[in-house]
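1. Show me how the following folds:
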Amino acid sequence: MGSTCNGMCYQHRVTKGSPNKGKYRFGQKRCQVCDIYVTWEGLRCPCCNFMLRTKPRNTKFKIKLKQIV
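-> Numbering: from 1, shown residues only. Presented below is the predicted three-dimensional model:
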């Protein structure tokens, strides 16, 4: 059973912001299936029901996020 994007998440898509600010810092989340950042309160993507990533995978960006918070 695979998850597929049905396009509903594009209503919650994040517009481009400042590249050095960090997306996770402002509560934005990333869906790996739809391959976009969304502004969504839930833990799962609104269209494919896949778990949203709420923190960076890269160690450098994890440290940066901890310093800010």
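2. just for the protein, where's the confidence low?
-> Along the chain, the model assigns pLDDT under 70 to residues 1-2, 17-21, 68-69.
3. hey, where'd the helices end up in it?
-> Assigned by DSSP state H, the helices in the chain fall at 59-68.
4. That one: strands as residue ranges?
-> Ranges of strands in the chain, per DSSP state E, are 29-31, 36-38.
5. Of the ones you listed, which is nearest R44?
-> strand 29-31 (8.9 Å; Cβ to Cβ). Bear in mind the C-beta positions are built from the backbone N, C-alpha and C, glycine included.
6. what's T15 in contact with, if anything?
-> Listed by Cβ atoms under 8 Å, 6 or more residues apart in numbering, the contact set of T15 is empty.
7. what comes into contact with stretch 61-69?
-> By Cβ under 8 Å, 6+ apart, the residues outside stretch 61-69 that reach it are G22, Y24, R25, K55, P56.
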